[in-house]
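> Here is my input; please provide its structure:
(chains A and B)
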Amino acid sequence: MPAGGIMAKGVTPRSEDFSQWYVDVVKAADLAEHSPVRGCMVIKPYGYAIWENTQRELDRMFKETGHQNAYFPLFIPLSFIRREAQHIEGFAPELAVVTIGGGKELEEPLAVRPTSETIIGEMYAKWIRSHRDLPLLINQWGNVVRWEMRPRLFLRTTEFLWQEGHTAHATAEEAEAETRQMLGVYRTFLEQYAAIPVIPGRKSEAEKFAGAHHTYTVEAMTGDKKALQAGTSHNLGQNFAKSFNIQFQDQNNEMHLVHTTSWGMSTRVIGGIVMVHGDDHGLRLPPRLAPIQAVVVPIWRKDDERERILAAAQALRARLRCRVHIDARPDLTPGYKFNDWELKGVPVRIELGPKDIEKQQVVLVRRDTGAKETAPQATLPERVDALLEEIQAHLFQQALAFREANTFVVNDYATFQKQNEEGGFLLAHWCGDGACEARIKEETKATIRCIPFDQKPEAGSCVVCGGLSQGLVVFAKAY
RNA sequence: CGGGGCGUAGCGCAGCCUGGUAGCGCACUGCGUUCGGGACGCAGGAGUCGGAGGUUCAAAUCCUCUCGCCCCGACCA
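Alright, predicted model coming up:
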C-alpha cells in the first residue's frame, strides 16, 4: 500500500463495510452514478472506457472464432417470449412491457428485451434453409432490461450493456463444442485481461438459464469472499429451435431442427474488477483494460520550470508504448494528484520533477504494491512495459491466492454452515438432488455456483443427505 | 411487498424539539502565493428547504396527505 496505508478520503475502508466501500470506489473513481430512475445507472467516461477496452478484446476474440456482429431490435412481441415455456417462466417476473405507442394502446404488448433468444430464433427460422447455412455464428452488442428488485451499480442494474452471442448448428456435438469454446473465451478474457481467476463449470438444473438445455459459467471470487458469475454460455439444445421452428435440410434432403447456443458477458465485469482488485485506496485496474496505463504527474515550482517539465513529459509520452496521460492540471498539488490517480486505479505513476530532469530519470510507482523506484529515462519505455506486465500478472496471482486461501473442502453439514458464515467457496459433495440444493439455499443462502469441469471424479456422500455423490461442487453466497 | 433510515446550494450536513431575514464544510469562479503524498489567503456566485394542503400576523421548523431515494430481507448477468 502506498503512503503508509492511509485510507483514501471519502472511501469507507474495505474491511469495515464492503458494500459501502464498493459504492464509494465506484463514485470516487468516477466510473458511474445512479440515474434518476431507480435501478438504472449512468456510466461515466472513465467507466465506459473500461467497457470499451473490454469490448475491443472480446470482439476480437469473437471474430477470431468466426463470429459476425449484427443487431436485433430492442422490442420483442410479448408472444415470442411466451413461446418457450421455460423461458417465459424464468423471465416473466423481470420483464418491462410497452403497452402504449404513439399515444395509442398497442394491439400486442412489446417486451423490452431481457435477452434476445426469441427474436433471434424468429429470424433464424427465416434465414436457415440448408445445412450450408450452418453453422450460423452471430454476436450482438447491445443493452437489455431486467426489472431487478435489488439493483447495485454494475453488478445488477435494470438496464445493462452486454454482448449476446447466438449460434445455430447442425448437430448437438457442434453446439456443445461452441458452448464450451465460448466459455473458454470468457475464461481467457477474465484471466488474461481482467486478471480475474475463475472456476469454469456447469450450472445445476436450478441455476441454469431459463430455456437452456444446460448452462456453463465462469465464477469469480470477490474481495468479500462471495461468488460472482462473470460470464455464461448456454447450450440451448433444440428448445428454441422447436419453439421457433428453426429447421434445415441435410445432404439427404431430410429436415432437422438446429441446435442453438447463446452466451453473454456484461458490464457486470466492471463491478467484478472493482470487487476483485480494489483496495482501501480505491480501484486497481489490470493494465490491459486500464484506460490510462501510466499517468505522468509533473512537479514544478516556478512557471518556467513548469513549461520545461511539461515539455519533457510530452517527449516521454511520445516514446512510451502504452496509454499515457499527462496530468497538467495547474492548481492541484502533486500529492492531490497522486491520490486522485490511485483512486482511479491507474497501474503506473510516473513522477517527473526538476531533480529528475537533472538526472535524466523519473520516479515510478506501481499501483498494485505502492512500490517506488527511480528509472533512467533512456530505457523508460522498456521498463514501463515490463512493469505493466508484472502488475497484470501480480493482480491475477493475488486474486488467485486469495481465492485459494478462501476455498474449503467441507464434508459435513455442520461444518458447511459454520464455514459458510465466514464466506468463501465451499467444495462439498452433492448427490445431484434439487431438494438438497434447495435446502442449503434456504438454510444458508449459499447456492451451487458450479459443478467444476476440472474436478477428478471422486465418490463421496452428499453434504446434506449423505447420498452417493460423484464429485465436489462449488457452493457460495453469490452476488 | 415487509422492516429501517433520509429528503435544506453540485456533494456532505447543521438548523426543526422551543415558528421570526437560510447557515457550515467541501466543490465551483476570480486574483495572488504555493507545488517530490490530499496547500493557503482574499474576494465572489450559487438554495422553489422533495411536493400539496392546513394551522398562524409569520412555517425549513407545527399538523395532514403525498412523492422520491438509500440500506436490510424474498428474484437475478
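
> What about the residue in the stretch 101-250 of chain A that RNA strand B sits nearest to, how many residues nearby?
Nearest residue of the stretch 101-250 of chain A to RNA strand B, counting by C-beta to the nearest atom of the strand: residue A:229, 3.2 Å away. For every residue, glycine as well, the C-beta is placed using N, CA and C. Neighbours of residue A:229 under the rule other C-beta atoms under 10 Å: 20.

> Report how many residues lie close to the residue nearest to it when sequence neighbours are not counted.
Residue nearest to residue A:229 in three dimensions, not counting chain neighbours: residue A:217, with 5.3 Å by C-beta to C-beta, 6 or more residues apart in numbering. Neighbours of residue A:217 under the rule other C-beta under 10 Å: 26.

> so what pLDDT did residue A:217 get?
Looking at residue A:217, its pLDDT reads 97.

> check which helix or strand covers the residue located most distally from the centre of chain A.
Within chain A, the residue lying farthest from the chain centre (C-alpha atoms, centre = their mean) is residue A:304, at 46.3 Å. Per DSSP states H and E: residue A:304 is located in helix A:303-319.

> List the buried residues for that helix?
By 16 or more other C-beta atoms under 10 Å, the buried positions in helix A:303-319 come out as A:309, A:310, A:312, A:313, A:316, A:317.

> Which of the helices or strands spans the residue nearest to residue A:229?
strand A:214-221.

> just curious, which of the buried residues of helix A:303-319 is nearest to residue A:99?
For the buried residues of helix A:303-319, the closest approach to residue A:99 (C-beta to C-beta) belongs to residue A:317, at 54.4 Å.

> Make sure that closest one is actually in contact with residue A:328.
No: counting by C-beta atoms under 8 Å, residue A:317 does not reach residue A:328; the two are 11.1 Å apart.

> Can you get me a residue count around the spatially closest residue to residue A:34 that is not a sequence neighbour?
Nearest non-adjacent residue to residue A:34, counting by C-beta to C-beta, 6+ apart: residue A:41, 5.9 Å away. Residues lying near residue A:41 (other C-beta under 10 Å) number 22.

> where's residue A:41 relative to RNA strand B, distance?
Note on residue A:41: its distance to RNA strand B, by C-beta to the nearest atom of the strand, to the nearest Å, is 9 Å.

> That residue: what's it in contact with?
A:32, A:33, A:34, A:35, A:151, A:153, A:154, A:157 (C-beta atoms under 8 Å, 6 or more residues apart in numbering).

> how about the helix ranked longest in chain A: buried residues?
As assigned by DSSP state H, the longest helix anywhere in chain A is helix A:380-405. By 16+ other C-beta under 10 Å, the buried positions in helix A:380-405 come out as A:380, A:383-385, A:387-388, A:390-392, A:394-396, A:398-400, A:402-403.

> in stretch A:236-253, what counts as buried?
Buried-residue list, stretch A:236-253, by 16+ other C-beta under 10 Å: A:236, A:237, A:238, A:239, A:240, A:241, A:243, A:244, A:246, A:248.

> got it, and stretch A:37-46?
So stretch A:37-46, judged by 16+ other C-beta under 10 Å, has buried residues A:39, A:41, A:43, A:46.

> Would the helix or strand of chain A with the lowest mean pLDDT count as contacting RNA strand B?
The weakest-scoring helix or strand in chain A, judged by mean pLDDT, DSSP states H and E, is strand A:32-34 (a mean of 84). Yes: Strand A:32-34 reaches RNA strand B (C-beta under 7 Å from any atom of the strand) through residue A:34.

> same for that strand, what does it pack against?
Using 3 or more C-beta pairs under 8 Å, 6 or more residues apart in numbering; DSSP states H and E, the elements in contact with strand A:32-34 are strand A:41-43.

> Provide the contact partners of the helix or strand following the strand it packs on at residue level.
Using DSSP H and E, the helix or strand that follows strand A:41-43 towards the C-terminus is helix A:45-64. With C-beta under 8 Å, 6+ apart as the test, helix A:45-64 has contacts from A:26, A:29-32, A:43, A:69, A:139, A:141, A:154, A:161, A:163, A:165, A:185, A:188-189, A:193-194, A:265, A:267, A:269-270, A:273, A:285, A:288-291, A:344.

> Count the neighbours of residue A:20 for me.
13.

> which ones are touching it?
With C-beta under 8 Å, 6+ apart, residue A:20 has these contacts: residue A:12.
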